[in-house]
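Peer 1: sequence first, predicted model second:
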Amino acid sequence: MQTVVERLARMLADEGTEIVFGVTGDGNLELLTELTEKCGVTFVHARHEQGAVAMAEGARSRLGADLAVGVTGIAGPDGGTVVAVV
């Protein structure tokens, strides 16, 4: 049986994801490992989430990609993480 991380990585790769821009952290290391090592997706590290979104938009416009999605995590009221999709 696949884990959620394995399934999500496979779904992203199957949809044609070639490059992911982002900031590494405890919450996404397993996903990034799965994407890069098993699915062949390129990861470009940024120093800040806003920089990653700007790089993704620049790559999208330069490479002529159809879609770019920016995702960032923010602290929720209980100290948990809330994911915001831009």
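Peer 2: Structure's in. What do you need?
Peer 1: and residue 79, what's its pLDDT?
Peer 2: Residue 79 is assigned a predicted lDDT (pLDDT) of 56.
Peer 1: before we move on, what SS does residue 43 have?
Peer 2: With DSSP: H, G, I helix; E, B strand; the rest coil as the basis, residue 43 sits in strand.
Peer 1: worst-scoring helix or strand of this structure, pLDDT-wise?
Peer 2: Every helix and strand in the chain was compared by mean pLDDT, DSSP states H and E; the lowest is strand 81-85, with a mean of 48.
Peer 1: tell me where the chain has strands.
Peer 2: Assigned by DSSP state E, the strands in the chain fall at 19-22, 42-45, 71-75, 81-85.
Peer 1: which one of these has the lowest average pLDDT?
Peer 2: Of all those, strand 81-85 has the smallest average pLDDT, which comes to a mean of 48.
Peer 1: residue 29: neighbour count?
Peer 2: The tally of other residues near residue 29 (other CB atoms under 10 Å) stands at 11. Heads up, the C-betas are built off the backbone N, CA and C, glycines and all.
Peer 1: now the longest helix belonging to the chain: buried residues?
Peer 2: Scanning the chain for the helix with the most residues, using DSSP state H, yields helix 49-63. By 16 or more other CB atoms under 10 Å, the buried positions in helix 49-63 come out as 49, 52, 53, 55, 56, 59, 60.
Peer 1: got the buried residues for stretch 16-35?
Peer 2: 17, 20, 21, 22, 28, 31, 32, 34, 35.
Peer 1: ok, residue 46 touching residue 24?
Peer 2: No. With contact defined as CB atoms under 8 Å, residue 46 does not reach residue 24; the gap is 9.5 Å.
Peer 1: flag the shaky bits of the protein, pLDDT-wise.
Peer 2: Within the chain, the segments meeting pLDDT under 70 span 66-86.
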